[in-house]
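In: Curious how this folds, go ahead:
(2 chains)
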There are 2 protein chains.
Amino acid sequence: MKRKRIGVLLSGCGVMDGSEIHEATLTLYFLDKQGADILCMAPDKDQADVVNHVSGNATGEKRSILNEAARIARGKIVDINTVKADELDGIILPGGFGAAKNLCTFAFDGAECRVDEGVARLLREMHDRNKPIGALCIAPAVLARLFGAGVSPELTIGNDAGTAAALEKMGARHKTANTDEIVVDIKNKIVTTPCYMTAQSIKEVGAGAEKLVSKILDLAG
Amino acid sequence: MKRKRIGVLLSGCGVMDGSEIHEATLTLYFLDKQGADILCMAPDKDQADVVNHVSGNATGEKRSILNEAARIARGKIVDINTVKADELDGIILPGGFGAAKNLCTFAFDGAECRVDEGVARLLREMHDRNKPIGALCIAPAVLARLFGAGVSPELTIGNDAGTAAALEKMGARHKTANTDEIVVDIKNKIVTTPCYMTAQSIKEVGAGAEKLVSKILDLAG
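Out: Here you go, the predicted model:
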């Protein structure tokens, strides 16, 4: 059987200003374990901010989303603007504040957020070609913004009422879920799971990520 | 049964100048999955260098080992100088160039390397108390330097002849191992595995890390 090729869309390196490292790494781990080929990608522009992960304070530094995401990808990463949907059988967005600061502006603008142009272009292409899209943790906010007003996808970000309300304001239908559950919108081929929106520790993130990866590969035809 | 508390000694965040992220994350994942409590720690000083993980070139920036390692630890991390061996049942050192640049100077000085004072103090305390020490990838270089001239531990860094020779020059006994194997020096309670010194992909790193974690917990009394 032909190996499936799954994109992993990163947003930096670290939960407070980039991709959540455990969610991203465990996504890569389960993709590899389940026999998928992987293409890591990120926007090639500056992060919205850089946060000291001990103090939680912004540092004022400039860092590149792509260069920092390359730490998770061990250098094997490309600019999202070079990726075509035809190259991929599916795509997964790990969470972390980077998904809500660098892939879109949800962390700053809530339901009025904008999505990065390159991210919007590729995700719309994937959806138009009926290819599966997975999103962990807060990353479903990107999908709510892109697809909410059109196809009104069913999504989860766990059980946080305020965040769920913002996703619904963008037109998505929110479904509460536990850490070890995935929510599958089969019509739109969108799969989501709460990960660190609800998880108490890394093994729980693994449980959700493993299920999500498995379902994305199922749906990747 | 009382939960065991295992230290994870990080050296930054990213394979080229810090902790290898997959090795560190999968160590945390298997520790949590196997029921251990975790204490992440790192030296509180500047990294030896900062490397752009797309180009592989040094950037000239300054970054703190502790603050960058906190990205992997999601902020739950302490300065190694505050940690006593009595608080821990075992300790694990993930690999990445940070182990050979920031925990010791092996990447620059080879067999003549020096080990960070705080790292040396804690690892000697652990060994003196007969508590298990695990090391992945290139991190066994730290143990070769610290313990080679004394107890001559048996270690592996995989199958790289030049690196193995340098470890033997420091007094360790090197044993060639495959990616999915661990080498156990039962007398010294030192467990090592090659990970990305030989691994072709992240699932292979998982296989070695899972076995090493399991053995460390066995040996942790």
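In: contacts, neighbours, all on C-alpha from now
Out: Fine.
In: Chain neighbours aside, what residue packs nearest to the residue nearest to the spatial centre of chain A?
Out: What sits nearest the mean C-alpha location of chain A, by CA atoms, centre = their mean, is A:L93, with 2.0 Å. Closest residue in space to A:L93, ignoring its immediate chain neighbours: A:A135 at 4.6 Å, by CA to CA, 6 or more residues apart in numbering or on different chains.
In: did I read that right, that neighbour in a helix?
Out: No: A:A135 is assigned strand when assessed by DSSP: H, G, I helix; E, B strand; the rest coil, not a helix.
In: could you give the mean pLDDT of the longest helix along chain A?
Out: In chain A, taking DSSP state H as the definition, the longest helix is helix A:202-219. Averaged over helix A:202-219, pLDDT sits at 98.
In: which outside residues touch that helix?
Out: A:4, A:22-23, A:26-27, A:30-31, A:34, A:36, A:90, A:131-134, A:136, A:179-182, A:189, A:191-196, A:199, B:28-30, B:32-33 (CA atoms under 8 Å, 6 or more residues apart in numbering or on different chains).
In: Please enumerate the helices of chain A.
Out: A:21-33, A:65-73, A:97-101, A:106-109, A:117-128, A:140-151, A:161-169, A:202-219.
In: sorry, back to before: from what I can see the residue nearest to the centre of chain A touches A:C137, true?
Out: No: counting by CA atoms under 8 Å, A:L93 stays clear of A:C137, with 9.1 Å between them.
In: Show me which residues of chain A are close to chain B?
Out: Neighbours of chain B within chain A, by CA under 8 Å from any CA of the partner chain: A:13-15, A:21-22, A:25-26, A:28-30, A:32-33, A:52-55, A:66-68, A:70-72, A:74-77, A:201-203, A:206.
In: Just the buried ones from those?
Out: Buried members of those, scored by 16 or more other CA atoms under 10 Å in any protein chain shown, are A:13-15, A:21-22, A:25-26, A:28-30, A:32, A:52-54, A:66-68, A:70-72, A:74-75, A:77, A:202-203, A:206.
In: give me the number of residues near A:R129?
Out: 12 (other CA atoms under 10 Å in any protein chain shown).
In: Over to A:L123?
Out: 23.
In: can you check the one 5 residues further on too?
Out: Number of residues near A:D128 (other CA under 10 Å) recorded here: 11.
In: Check A:T176 too.
Out: Neighbours around A:T176, by other CA under 10 Å: 16.
In: Spit out the contact partners of it.
Out: A:T176 touches A:156-159, counting by CA under 8 Å, 6+ apart.
In: ok, which pair from those residues is furthest apart?
Out: A:T156 and A:N159 (7.9 Å; CA to CA).
In: quick one: common contacting residues for these two?
Out: What both A:T156 and A:N159 touch, as defined by CA under 8 Å, 6+ apart, is the set A:176-177.
In: more crowded one of these two?
Out: Each of A:T156 and A:N159 has its neighbours counted (other CA under 10 Å); A:T156 has more, 33 against 17.
In: And the more buried one, its phi and psi?
Out: With angles defined as degrees, to the nearest 10, A:T156 sits at phi -130, psi 150.
In: measure it to A:L28 for me?
Out: Plainly put, A:T156 is 21 Å away from A:L28 if you go by CA to CA, to the nearest Å.
In: how about CSV for the contacts of A:T176, with pLDDT and distance to A:E117 added?
Out: Converted to CSV, these look like this (pLDDT from 0 to 100; distance: CA to CA, whole Å):
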residue, pLDDT, distance to A:E117
A:T156, 98, 24
A:I157, 97, 23
A:G158, 96, 27
A:N159, 96, 29
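In: would CSV of those with distance to A:T59 be doable?
Out: Converted to CSV, these look like this (distance: CA to CA, whole Å):
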residue, distance to A:T59
A:T156, 32
A:I157, 28
A:G158, 30
A:N159, 31
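In: ok, those residues vs A:D109, which is closest?
Out: Relative to A:D109, and with distances defined as CA to CA, the nearest of the contacts of A:T176 is A:I157, at 17.3 Å.
In: Report the contact partners of the closest one.
Out: A:136-138, A:140, A:163-164, A:174, A:176-177, A:192-194, A:197.
In: Could you check stretch A:35-54 and say which residues are buried?
Out: In stretch A:35-54, counting by 16+ other CA under 10 Å, buried: A:36, A:38-44, A:46-54.
In: Quick one: mean pLDDT for it?
Out: Stretch A:35-54 comes out at a mean pLDDT of 98.
In: residues contacting the residue lying closest to A:R71 once chain neighbours are set aside?
Out: The spatial neighbour of A:R71 that comes closest, neighbours along the chain excluded (CA to CA, 6+ apart), is B:G14 at 4.7 Å. Shown in contact with B:G14 (CA under 8 Å, 6+ apart): A:71-72, A:74, B:20-21, B:53, B:96, B:98.
In: can you tell me which residues contact A:A199?
Out: So A:A199 contacts A:179, A:205 (CA under 8 Å, 6+ apart).
In: please redo it, this time with the cut-off set to 10 Å
Out: By CA atoms under 10 Å, 6 or more residues apart in numbering or on different chains, the contact list for A:A199 reads A:137, A:158, A:178-180, A:205-208.
In: Does A:N102 touch A:V15 like I think?
Out: No: using CA atoms under 10 Å, A:N102 is not in contact with A:V15; the gap is 12.0 Å.
In: Could you check the pLDDT of A:T163?
Out: Value for A:T163, per-residue pLDDT: 97.
In: where are the low-confidence patches of chain A?
Out: In the predicted model, chain A carries no residue with pLDDT under 70.
In: If we use 80, what do you get?
Out: Low-confidence segments of chain A (pLDDT under 80): A:1.
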